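Novice: build the 3D model from these lines:
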Amino acid sequence: MKRKKAAAGVLCCLGILFLCACTQHQTKTSDRLYVGVACYDQRDTFLGELLNCFKEKMSDMESDDLKTIVTVRDAAGSQKTQDDQVKELIDAGCNVLCVNLVDRADPSEIIDLAREKEVPIIFFNREPVAEDLRQWDQLYYVGADAKESGVMQGEVAAEVIMSDSGIDRNRDGKIQYVVLEGEPGHQDAIIRTENAVETIRSKGISLEKLSNGIANWNRAQAQNRMQQLIAQYQNEIELVLANNDDMALGAIDAYVKLNRTEAGMPVFFGIDGTTDGLQAVVDSKLAGTVYNDKVGQADAMAKLAAALITGEGMDEIKYKNGKYIYVPYSKVTQENVGEYLRKSKK
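Specialist: Okay, the predicted model is just below:
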């Protein structure tokens, strides 16, 4: 009988110790915000600026009650590499993932890894397919509406074209244009291009498409592609629409390399409002761009990450369809670029 009582006492003590251990673990988890960031390619200028903002926001969030850690991994354009990096981040103890997908249509392995360990995911900048985001209730997206950026680029371009008859250099009543696009088949690239062109046409401006080129969001690739287009069309190109600022700047680089004077250049428009892109608007190299609010997106990511771990503030976050946080774009012109450049350099 005494042995039974002693055994019961031991089991009781073990149960108490187990409960205490669980309580300590939960306290540590809620006091520590360890974010593992997986990005598709850190050479992307906008992404690099966004990540810098995110790190600053996370640092600002740290307090006596909350310790923050951010670890960034760069997949350099490989989905397989990114899948492996996400596993490493989870194994290292991160309790929230922020994922900038290499392939927006292939997040299944990442989702399975995270769900198995109950680590919530905030996808950002490159939006997953809607069906994939519905796979689990701990999946979210922070970014911006690609259609809005295309419409705004078209509006900025239309305003410039209508205010300067000299853009139609051959006086044929049409604006001959080329498009520099991001990745082949990429949702944002397609949407930005379609909506920019449709918006310009909706303003009563006649357009003639000469060509388009894939430059994978990259300045050097855009320069090379633009040099090929110049060789093909010479002085016929009057307008260049680029899916991002880096490609617009690459197009300008091509003209500079060929020693073309300003009078022989088309007008250029970008999207993103990177620091270099904004400076190019100040210098009148870019006629305009669309500001992709990296500060606002970084703030939304940081607040959501903290809310997921601490359990505080989830009700204060404004979602679309319960999972999406869209930060609005805004138009950047010669008149207001100074305001955005100051914001970008803070």
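
Novice: what are the ranges of the strands in the stretch 151-300 of the chain?
Specialist: Along the stretch 151-300 of the chain, the segments classed as strands by DSSP state E, counting those that start in this stretch run 175-181, 207-214, 239-242, 267-269, 289-291.

Novice: any chance of those strands in a markdown table, with mean pLDDT, distance to Ala158 and mean neighbour count too?
Specialist: Where C-beta positions appear, they are placed from N, C-alpha and C, glycine not excepted. Formatted as a markdown table, these follow (pLDDT from 0 to 100; distance: least, CB to CB, whole Å; neighbours: other CB atoms under 10 Å):
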| stretch | mean pLDDT | distance to Ala158 | mean neighbour count |
| --- | --- | --- | --- |
| strand 175-181 | 98 | 10 | 24 |
| strand 207-214 | 97 | 10 | 16 |
| strand 239-242 | 98 | 11 | 30 |
| strand 267-269 | 98 | 10 | 24 |
| strand 289-291 | 98 | 13 | 28 |
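
Novice: how about those strands in a markdown table, adding distance to Arg115?
Specialist: A markdown table is the format used below for these (distance: least, CB to CB, whole Å):
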| stretch | distance to Arg115 |
| --- | --- |
| strand 175-181 | 34 |
| strand 207-214 | 35 |
| strand 239-242 | 38 |
| strand 267-269 | 41 |
| strand 289-291 | 35 |
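
Novice: how about the ones you listed, which one is nearest Gln85?
Specialist: With CB to CB as the measure, strand 207-214 is the member of the strands of the stretch 151-300 of the chain nearest Gln85 (26.3 Å).

Novice: what are the contacting residues of that closest one?
Specialist: Strand 207-214 is touched from outside by 174-184, 193, 197, 200-201, 222, 225-226, 228-229, 232-233, 236-237, 239, with contacts defined as CB atoms under 8 Å, 6 or more residues apart in numbering.

Novice: burial count for Gly173?
Specialist: Applying other CB atoms under 10 Å, we find 9 residues neighbouring Gly173.

Novice: can you tell me the closest non-neighbouring residue to it?
Specialist: Spatial nearest neighbour of Gly173, excluding adjacent residues (CB to CB, 6 or more residues apart in numbering): Ser206 at 6.0 Å.

Novice: same question for Ser284.
Specialist: Gln334 is the one closest to Ser284 (CB to CB, 6+ apart), at 7.1 Å.

Novice: and the one you found, helix, strand or coil?
Specialist: Secondary structure, DSSP: H, G, I helix; E, B strand; the rest coil: Gln334 is coil.

Novice: who touches it in this structure?
Specialist: Contacts of Gln334 (CB under 8 Å, 6+ apart): Val281, Ser284, Ala287, Gly288.

Novice: so how do I select the buried members of these in ChimeraX?
Specialist: To isolate the buried members of the contacts of Gln334 in ChimeraX, using 16 or more other CB atoms under 10 Å:
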select :281,287,288
